[in-house]
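Visitor: Sequence and predicted structure below; questions after.
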Amino acid sequence: MGSIKMANLTFILAMLVIAPYASQAVNCGQVVNWLMPCLNFLKTGAGPTSACCTGVQTLYNTASTTPDKRVACACIKQSAKAYGINYGYANALPSKCNVDVDYNISPDFDCSSINN
């Protein structure tokens with residue numbers, strides 16, 4: 001019984017050491033959740049709130065790989081259509097939250113063209 005507890009403890013410790021280095025892909029649910037506090041700004045241009053900017057900064061910091069950026073882009077495009085957001089406000093949002101994004105999203109933007 002003692003060896004099983006030791007094996008479990010060893011496994012848990014190994015996971016704690018390895019977990020910070022595991023690659024985690026961004027998914028649409030996360031993108032929508034992070035940006036949901038921005039919905040009023042994205043529709044009206046009022047704000048953005050600090051909660052909105054926290055979500056924008058979280059998305060920016062989490063979607064650091066090209067595949068993650070492409071997924072986030074596609075999710076934003078889908079959500080923009082579903083929620084009826086204004087693309088002008090959407091493209092102004094990153095700079096209002098002190099985030100530098102090198103592209104503007106529009107209905108015609110090809111998310112697969114993101115290469116950074």
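Guide: Perfect, I can see it now.

Visitor: CA atoms for contacts and neighbours, from now on please.
Guide: Fine.

Visitor: what's around the residue nearest to Tyr87 when sequence neighbours are not counted, how many residues?
Guide: The shortest distance from Tyr87 to any residue other than its chain neighbours is 6.3 Å, reached at Ser106 (CA to CA, 6 or more residues apart in numbering). When neighbours are counted by other CA atoms under 10 Å, Ser106 registers 17.

Visitor: Okay, and Ser106 sits in which element?
Guide: Applying DSSP states H and E as the criterion places Ser106 outside every helix and strand.

Visitor: Then Tyr60?
Guide: Going by DSSP H and E, Tyr60 is part of helix 50-62.

Visitor: how about that helix: buried residues?
Guide: For helix 50-62, a neighbour-count test (16 or more other CA atoms under 10 Å) marks Cys52, Cys53, Thr54, Gly55, Val56, Gln57, Leu59, Tyr60, Thr62 as buried.

Visitor: List the contacts of the nearest residue to the last one once chain neighbours are set aside.
Guide: What sits nearest to Thr62 in space, not counting adjacent residues and going by CA to CA, 6+ apart, is Val26, at 7.2 Å. With contacts taken as CA atoms under 8 Å, 6 or more residues apart in numbering, Val26 has the following neighbours: Thr62, Ala63, Asp68, Val71, Ala72.

Visitor: Out of those, which two sit at the greatest distance?
Guide: Thr62 and Val71 (11.7 Å; CA to CA).

Visitor: for the spatially most central residue of the chain, what are its contacts?
Guide: The C-alpha lying nearest the average C-alpha coordinate of the chain belongs to Leu59 (CA atoms, centre = their mean; 2.9 Å). Shown in contact with Leu59 (CA under 8 Å, 6+ apart): Val31, Trp34.

Visitor: Kindly report the same for Ile76.
Guide: Val31, Val32.

Visitor: again, only using 10 Å
Guide: Cys28, Val31, Val32, Leu35, Arg70, Ala82, Ile85, Ala90, Ile105, Ser106 (CA atoms under 10 Å, 6 or more residues apart in numbering).
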